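Asker: One predicted model, sequence on top.
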Amino acid sequence: MTYVTKGAVVVTGASTGIGAACALRLDQLGFQVFAGVRKNEDAQALQQKASPKLTPIFLDVTDTDSITASVEKVAIAVENSALIGLVNNAGIAVAAPLEFIPITEFRRQLEVNTTAQLAVTQAFLPLLRSAKGRIVNMGSISGRSTTPFLGAYSASKFALEALTDALRLELRPWGIWVAIIEPGAIATPIWQKSLAQADILQQNLPYSAHELYGRAMNTASKGAANLAQKGISPDQVAQAVVHALTAKRPKTRYLVGQDARIRAMLKFLPDRIVDEITAKAMNLQ
């Protein structure tokens, strides 16, 4: 069987959820996909669902040596073709009141969701520049509109918005387009993992944290669990990623999901009104 390749794309954080959906969708469309994973079983699971073109690469976005090794592997593989896209999808969500979140956890949130995205982008840019490739960053509506107890996550996504805007202008002379995807609630394992990690983190918070924020944290946890079940499919996000990589005139930002569009519109209201709505909904009165 002959497989037609439309060009090579690197997708980070492709083990599950949005990253896996993007990798598989691009593979179905005929792209040569390099899917970043961290475990051998995740690599095997992807390969069972994909064509022989899809190549897992073991990539820890917070590890310089891992990034360098991945770039070298991709460079060898695309020697006679081109790297036409980088999808910076890897990310985590850390939930806790900012008053009590351990600074180590806050730093880890920024390291994975912001600093690592820039590190990966820097490493792959020479390959992208030679092909006038595109960069797609996986943001969040939380990069525009934050909610209580997700301040660290929102900070990382707000920062990613800024990086995207700066890169889009800085890389313009070489025809490298940069876009950001802003999903709302997605039915993806990141939120299941986040809820589990949040439970562990909150159990280790001092008594005063539970005394001050306990009721609101319980409301937030229930709301997050509900959104994780009712969120849109990762495939919808993958569709936006495909458009950003292939459209003749791609958007700079892609809002995905009804709740993302609603939260974006709320930003046009005065802050005090939005604060009142949010505080009432989350037992922060």
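Answerer: Nice, I can see it.

Asker: Report the beta-bridge partners for Val37.
Answerer: With DSSP bridges as the criterion, Val37 is bridged to Phe58.

Asker: ugh, wrong one, I meant Ala8
Answerer: Gln32, Leu83.

Asker: Tell me how far it lies from Leu269.
Answerer: 44 Å (Cβ to Cβ, to the nearest Å). (C-beta placed from N, C-alpha, C; glycine too.)

Asker: Those two: which has the busier surroundings?
Answerer: Remark: of Ala8 and Leu269, Ala8 carries more neighbours, 24 against 12, as counted by other Cβ atoms under 10 Å.

Asker: which residues of the protein fall in helices?
Answerer: 17-28, 40-49, 64-77, 103-110, 116-131, 151-170, 189-203, 207-230, 234-246, 258-266, 271-281 (DSSP state H).

Asker: quick check: mean pLDDT across the first one?
Answerer: Mean per-residue pLDDT for helix 17-28: 97.

Asker: mind showing which ranges of the chain have poor pLDDT?
Answerer: Along the chain, the model assigns pLDDT under 70 to residues 1-5, 80, 188-199, 228.

Asker: what do you get if the cut-off is 50, keeping everything else the same?
Answerer: 1-4 (pLDDT under 50).

Asker: Give me the contact list for stretch 152-161.
Answerer: With contact meaning Cβ atoms under 8 Å, 6 or more residues apart in numbering, stretch 152-161 is reached by 91, 93-96, 98, 101, 105-106, 109-110, 112-114, 117, 137, 139-140, 142-147, 180.

Asker: now Tyr254, nearest residue through space, not along the chain?
Answerer: Of all residues not flanking Tyr254 in the chain, Ala240 sits nearest, at 4.2 Å (Cβ to Cβ, 6 or more residues apart in numbering).

Asker: and if you look at Ser140?
Answerer: Lys157 (4.5 Å).

Asker: For Ala90, see how far away that neighbour is.
Answerer: 13 Å.

Asker: Leu171 too?
Answerer: 20 Å.

Asker: With neighbour numbers in mind, choose between the two.
Answerer: Between Leu171 and Ala90, counting by other Cβ under 10 Å, Ala90 is the more crowded of the two (24 against 20).

Asker: Tell me the backbone dihedrals of the nearest residue to that one once chain neighbours are set aside, please.
Answerer: Spatial nearest neighbour of Ala90, excluding adjacent residues (Cβ to Cβ, 6+ apart): Gly13 at 3.1 Å. Dihedral pair for Gly13: phi 60, psi 50, per degrees, to the nearest 10.
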